[in-house]
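[1] sequence and computational prediction follow.
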Amino acid sequence: MAHIDAGKTTTTERILYYTGRIHKIGEVNDGSATMDWMEQEQERGITITSAATTCFWLTDQKEYALNIIDTPGHVDFTAEVERSLRVLDGSVMVLCAVAGVQPQSETVWQQAKRYHVPCIAFVNKMDRVGADFEKAVISIVDQLSANPVPIQMPIGAEEQFAGVIDLISMQELRFKDEGYGEEYECSELSDELRPQAQDWRRQMLEHLSDYDDGLLEKIVEEQEVGQGEIVKVLRKATLGGKITPVLCGSAFKNKGVQQLLDAVVHYLPSPLDIPPVQGDHPVTKKLVSREASESDPLCALAFKVANDPFAGQMTFVRVYSGTFETGKTAYNPRKRKRERIGNLVKLHANKREEISAIRAGDIGAVVGMELITGDTLCPKDHPIILERTQFPEPVIDQAIEPKTKPDQDKLEEALKRLMQEDPSFRSRVDAETGQNIISGMGELHLEVMVDRLQREFRVNCKAGTPRVAYRETITQTADSEILFEQQLDGEEQFAFCRISLEPLEAGGGFEFENQLSAEELPTQFAEAVEQGIQDAMSNGVLAGFSLIDLKVSLIAGGYLEEISTEVAFTIAGVHALRDGAQKALPALLEPTMKIEVVTPVPFTGEVIGDLNARHGRIRGMEEQGGIQVVSAEAPLAEMFGYSTRLRSLTQGRASFTMHFSHYTSVTESTRKVLIGEPVSPG
């Protein structure tokens with residue numbers, strides 16, 4: 001995991017080569033990298049979708065199986081990182097030796113912390129001009145508030161980068177420039193490098209002594225500390241999330257990757273090292289746990305859906321306990337039914353290898369099961385529901401239209417499949433215009449989706465201009481009650497419900513609380529009310545934008561056994577939500593983006609002036625060797641076309657990253673425009 005262009009895919013390519021998984025190294029720059037298999041990835045030179053593979057690494061006379069997922073670094077595809085970290089046990093954060101911690105590095109770090117995923121850091125690109133290992137380590141402290149512990153130090157930097165010093169064994173590892181780095185020389189420390197290496201080792205041991213009394217005692221008594229003891233303490237502190245071991249190298253120049261593989265085996269957890277996975281019992285709601293053992297009942301999580309042109313729907317599955325076997329059945333608590341397990345495959349990017357079972361602790365994919373991201377699979381007599389991954393709300397919309405009538409049906413089917421694949425991508429039909437509106441995390445996200453519609457799904461369509469995805473919320477509490485008595489299809493229908501609405505903090509999403517017992521209102525009717533409320537939330541009461549950040553409580557309900565139906569309660573839920581939202585002082589919100597501009601110092605004034613003109617707020621500035629890093633926040637509506645403007649302001653020498661920060665209230669003039677009120681001149 002890393003910021004875009006830090007070298008994740010290049011590092012993964014070397015790992016696959018050294019483990020014998022591939023026999024020729026491909027490069028991102030020429031579109032031949034194994035893990036970037038999509039046409040869109042090869043053309044743009046970036047990772048768009050998470051690619052999974054399995055390889056084997058021999059160290060300490062043992063062979064270890066590694067399941068690797070190479071995640072995207074671009075902020076528009078952050079949902080791919082989120083769901084990958086949800087199912088992985090350990091992570092490698094790749095940092096650029098020149099830039100250190102970058103904006104997306106912070107995002108993925110927070111995602112890893114959310115899922116308690118231990119991490120090791122690999123400072124890549126030590127051969128680049130401006131590479132500074134020590135500065136990169138300091139940036140981990142300053143920007144991530146983490147506790148990095150370097151276990152290597154570089155031998156030279158930039159063009160002189162020749163290898164690394166292992167601070168545990170106190171040996172020099174020098175890599176040859178010819179070949180692909182398969183061979184390297186291991187030797188005793190030279191007198192020239194020894195003093196600095198001893199200083200770094202002393203700092204490493206002092207760090208580690210905070211987590212082991214035996215080690216502290218040896219350091220105080222100035223006793224020799226063995227390699228095995230250091231590795232043991234490092235592993236224990238890393239698994240506990242207390243430290244982040246730091247290594248360095250240059251993946252592109254084939255230096256330091258084998259040592260990174262050793263570190264993955266030595267310091268990151270195997271499935272047996274992580275605590276038992278916990279979930280809820282679907283009926284009793286009590287906490288249920290599963291050990292990472294084949295003897296425990298099955299517990300598997302569907303964490304990603306992909307559409308294969310030949311095999312159809314393919315679902316990536318992490319098995320936490322038990323065995324997931326072809327031909328057997330598994331219970332899906334969301335659907336409340338058993339399903340037959342389809343063909344199982346091991347993945348290597350876009351290549352597949354058929355297998356008969358996926359065992360506890362492993363990752364694979366199942367073909368031919370209708371699953372969605374977040375589904376738990378288990379035995380019916382030992383049910384469990386694992387926590388679903390929370391995905392960010394889309395911030396940008398775009399209208400899309402089929403060019404011909406036959407393309408309309410193809411478009412609907414293709415959009416449905418893309419939404420199954422990517423939970424951060426949405427599609428809806430505008431109630432007023434009848435247009436298909438697609439929503440995503442940024443302009444690149446939507447550009448890739450439209451490209452896939454045209455190429456992969458062969459839909460002849462045209463796309464409109466991207467526009468801001470505004471939202472609505474409520475600002476005070478309100479109650480609403482609806483009595484629904486009507487004829488539907490010639491039959492009497494009856495439903496009564498009373499709900500209470502209250503605003504949540506920004507980012508709170510949606511919460512529903514059923515305060516009624518099954519005797520007061522049968523469960524299926526309460527669920528129908530919730531469904532109606534969620535349906536109504538997609539179309540707000542001010543300007544038709546989705547409602548967010550509110551809690552709805554069902555506080556009263558009434559039914560008549562003969563004529564009450566779930567349909568009636570769903571309709572009552574829709575009306576109750578709309579009525580309540582009108583009373584709760586609704587407000588319009590717009591997405592505010594966090595922006596980081598990296599520009600040569602002479603252009604700083606022009607960059608800041610342009611951001612101010614876009615109603616941006618400068619949050620900080622930092623100079624790093626002739627380069628100015630400007631941090632700011634600005635409304636998304638003001639940032640369209642910014643990349644072109646920034647290039648013209650800085651002679652093409654500046655770059656920027658932008659990602660969603662939070663929703664804020666719109667200005668009064670914007671509010672009037674959105675709800676169609678006249679705007680006073682001036």
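    Cool, the structure landed.

[2] adjacent strands (with direction) for the helix or strand hosting Glu590?
    Per DSSP states H and E, Glu590 falls inside strand 586-600. In the sheet, strand 586-600 lines up against strand 471-474 (antiparallel), strand 627-635 (antiparallel), strand 655-665 (antiparallel) (DSSP bridges).

[3] what's the shortest one in contact with?
    Okay, so that is strand 471-474. Contact with strand 471-474 is made by 393, 501-503, 540-543, 545-550, 581, 584-591, 663, as judged by C-beta atoms under 8 Å, 6 or more residues apart in numbering. Yep, even glycine has a C-beta here, placed from its N, CA and C like the rest.

[4] try 7 Å this time
    Residues outside strand 471-474 that contact it (C-beta atoms under 7 Å, 6 or more residues apart in numbering) are 501, 503, 540, 542, 545-550, 581, 584-589, 663.

[5] for Gln628, see how far away Pro276 is.
    With the distance defined as C-beta to C-beta, to the nearest Å, Pro276 ends up 49 Å from Gln628.

[6] for those two, indicate the residue with more neighbours.
    Gln628 (20 against 14; other C-beta atoms under 10 Å).

[7] residues touching that one, list them.
    599, 601, 604, 621.

[8] backbone phi and psi for Ala568, please?
    Torsion angles at Ala568 (phi, psi; degrees, to the nearest 10) stand at phi -60, psi -40.

[9] does it touch Gln493 like I think?
    Yes. The criterion here is C-beta atoms under 7 Å, and Ala568 meets it with Gln493 at 4.0 Å.

[10] which sections of the stretch 1-150 of the chain are below the confidence cut-off?
    Scanning the stretch 1-150 of the chain with the threshold set as pLDDT under 70 gives 28-38, 40-42, 44-47.

[11] strands of that one, start to end?
    Assigned by DSSP state E, counting those that start in this stretch, the stretch 1-150 of the chain shows strands spanning 51-59, 62-70, 91-96, 119-124, 148-150.

[12] for Thr10, which of the ones you listed is the nearest?
    strand 119-124 (7.9 Å; C-beta to C-beta).

[13] tell me how far the closest one lies from the chain's centre.
    Relative to its chain's centre, strand 119-124 lies at 18 Å (C-alpha atoms, centre = their mean, to the nearest Å).

[14] what helix or strand is the closest residue to Val225 other than its chain neighbours on?
    Residue nearest to Val225 in three dimensions, not counting chain neighbours: Lys218, with 5.4 Å by C-beta to C-beta, 6 or more residues apart in numbering. Assessed by DSSP H and E, Lys218 sits inside helix 213-220.

[15] and the contacts of the helix or strand just after that helix?
    Moving toward the C-terminus from helix 213-220, the next helix or strand (DSSP H and E) is helix 227-239. Contacts with helix 227-239, where a contact means C-beta under 7 Å, 6+ apart, come from 118, 120, 151, 168-169, 208, 211-212, 215, 243, 245, 266-267, 269, 273.

[16] of the residues you listed, just the buried ones, PyMOL syntax please.
    A single PyMOL command selects the buried members of the contacts of helix 227-239 (16 or more other C-beta atoms under 10 Å):
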select buried, resi 118+120+151+168+208+211+212+215+243+245+266+267+269
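
[17] OK, contacts around the residue positioned nearest the centre of the chain?
    In the chain, the C-alpha nearest the mean C-alpha coordinate belongs to Glu82, at 2.2 Å (C-alpha atoms, centre = their mean). Taking C-beta under 7 Å, 6+ apart as the contact definition, Glu82 lies against 111, 389, 391.

[18] run the last query once more with 10 Å
    For Glu82, the contacting residues are 50, 71, 107-108, 111, 114-115, 303, 389-392, 423-424, by C-beta atoms under 10 Å, 6 or more residues apart in numbering.

[19] could you give the number of residues near Gly609?
    11.

[20] err, His23, not the other one
    Other residues near His23 come to 7 when the count uses other C-beta under 10 Å.

[21] swap in Pro275?
    Neighbours of Pro275 (other C-beta under 10 Å): 10.

[22] hang on, the earlier thing: how about the contacts of Glu82 in TSV, adding neighbour count and distance to Cys186?
    As requested, these are exported to TSV (neighbours: other C-beta atoms under 10 Å; distance: C-beta to C-beta, whole Å):
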residue	neighbour count	distance to Cys186
Ser50	22	35
Thr71	26	32
Thr107	20	37
Val108	24	33
Gln111	20	36
Arg114	13	39
Tyr115	16	36
Phe303	24	40
Thr389	20	43
Gln390	13	46
Phe391	17	46
Pro392	15	46
Pro423	20	47
Ser424	21	46
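
[23] now the two most distant members of those residues.
    Largest separation among those by C-beta to C-beta: Thr107 and Phe303, giving 18.7 Å.

[24] which strand residues bridge Ala300?
    For Ala300, the beta-bridge partners are Val319, Leu377 (DSSP bridges).

[25] ok, it - contacts?
    87, 290, 315, 317-324, 330, 341, 358, 360, 362, 364, 366, 371, 375-378, 386.

[26] which of those residues fall in helices?
    Among those, DSSP state H puts Val87 in helices.

[27] from the contacts of Ala300, which land in strands?
    290, 315, 317-321, 323-324, 330, 358, 364, 366, 376-377, 386 (DSSP state E).

[28] quick check, nearest of those residues to Phe56?
    Once C-beta to C-beta is applied, the member of those that ends up nearest Phe56 is Gly364, at 15.5 Å.

[29] pLDDT value on that closest one, please?
    On pLDDT, Gly364 comes in at 91.

[30] tell me where the model's unsure across the stretch 451-600 of the chain.
    For the stretch 451-600 of the chain, no range has pLDDT under 70.

[31] going along the chain, name the strands of it.
    Taking DSSP E, counting those that start in this stretch, the strands of the stretch 451-600 of the chain run over residues 461-463, 467-468, 471-474, 478-488, 491-503, 510-514, 550-558, 586-600.

[32] give me whichever of these is most buried.
    strand 471-474 (a mean of 23; mean count of other C-beta atoms under 10 Å).

[33] nearest to Ala528, of the strands of the stretch 451-600 of the chain?
    Checking the strands of the stretch 451-600 of the chain against Ala528 by C-beta to C-beta gives strand 491-503 as the closest, at 8.2 Å.

[34] excluding residues flanking it in the chain, which one is nearest Gly620?
    Nearest non-adjacent residue to Gly620 (C-beta to C-beta, 6+ apart): Ser631, at 4.4 Å.

[35] before we move on, what about Met204?
    In space, and not counting its chain neighbours, Met204 is closest to Leu167: 5.4 Å by C-beta to C-beta, 6+ apart.

[36] tally of neighbours for that neighbour?
    Neighbourhood size, Leu167 [other C-beta under 10 Å]: 21.

[37] tell me who's in contact with it.
    If you count contacts by C-beta under 10 Å, 6+ apart, then Leu167 has 149-153, 197-198, 200-205, 230 around it.

[38] how about Leu488?
    565, 567-568, 571 are the contacts of Leu488 under C-beta under 10 Å, 6+ apart.

[39] so what's it bridging to?
    According to DSSP bridges, beta-bridge pairing links Leu488 with Glu491.

[40] what about the closest residue to Gly163 other than its chain neighbours, which helix or strand?
    Ranked by C-beta to C-beta, 6+ apart and with sequence neighbours excluded, the top spatial neighbour of Gly163 is Arg174, at 3.9 Å. Arg174 is part of strand 171-175 when elements are defined by DSSP H and E.

[41] list the helices and strands the following helix or strand past that strand packs on?
    Later in the chain than strand 171-175, the nearest helix or strand by DSSP H and E is strand 184-188. With contacts taken as 3 or more C-beta pairs under 10 Å, 6 or more residues apart in numbering; DSSP states H and E, strand 184-188 sits against strand 163-166, strand 171-175.

[42] buried deepest among these, which one?
    strand 163-166 comes out most buried of the helices and strands packed on strand 184-188 by mean count of other C-beta under 10 Å, with a mean of 24.
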